[in-house]
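# next one to model:
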Amino acid sequence: MSFDAVITEQDRLLTINHFKDGEVLNALPGVHISPMYLDTVKGTWALYARFEPGTLLPKHYHSGTVHFYTTKGSWNYVEHPEDPQTAGSYLFEPAGSFHTFESKEGAEGFLIVEGANVNLNEDGSLMFIMDAGWIEQTIIAVARETGQELPPYIKPGDTGFAPVHQG
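Take a look at the predicted model:
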């Protein structure tokens, strides 16, 4: 067998620059998202997120693993205030993790997530399930409703980019 049979030809690099390509402001209140990679079939998502000061996200359960590298500011889980994540921190969360994100001063970071966040109301009932498909639908809807330009992101498929990458 030759390598020619297994090599995928690539006419361009699949690359995103969140500084150049932009973000969707207030994808969730106080949370600004630069989508990087959304695989709605395999359930993997990568994004850069900016959290405004005072952000408190719903308590949630992770069905898969999370990699979170903090680049600016600080944040912690309400359940673990003794272990704040600051610029330069890398956090690995195993599947089955359950916690509540908060950032009092604001934070930024890069996340790679497998699976879904099952978000809960204060009484423990289901609020919504956030996965790669939900994120894609949400950023498209928020961009349309607010007149924002949807930044390109990598999506497995014919072109590799959605929306079509212009740069």
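# wait, what's in contact with the residue nearest the centre of the chain?
Here the mean C-alpha position of the chain is nearest to the C-alpha of residue 47 (Cα atoms, centre = their mean), at a distance of 3.7 Å. Counting by Cβ atoms under 8 Å, 6 or more residues apart in numbering, residue 47 makes contact with 33, 34, 35, 36, 37, 110, 111, 135. The C-beta positions use only the backbone N, C-alpha and C, and glycine is treated the same way.
# pLDDT (mean, whole number) over the one helix or strand the fifth one maps to?
Here residue 37 sits within strand 31-39, counting by DSSP states H and E. Strand 31-39 shows a mean pLDDT of 96.
# could you identify the helix or strand that succeeds it?
strand 44-51.
# ranking by neighbours, what's the top pick from the contacts of residue 47?
Each of the contacts of residue 47 was scored for neighbours by other Cβ atoms under 10 Å, and residue 35 scores highest at 28 neighbours.
# does it touch residue 153 like I think?
Yes: in this structure, residue 35 is within contact of residue 153 by Cβ atoms under 8 Å, at 3.7 Å.
# longest strand of this protein?
strand 66-77 (DSSP state E).
# that one - contacts with which helices or strands?
If you count contacts as 3 or more Cβ pairs under 8 Å, 6 or more residues apart in numbering; DSSP states H and E, strand 66-77 packs onto strand 80-86, strand 90-93, strand 101-103, strand 107-114.
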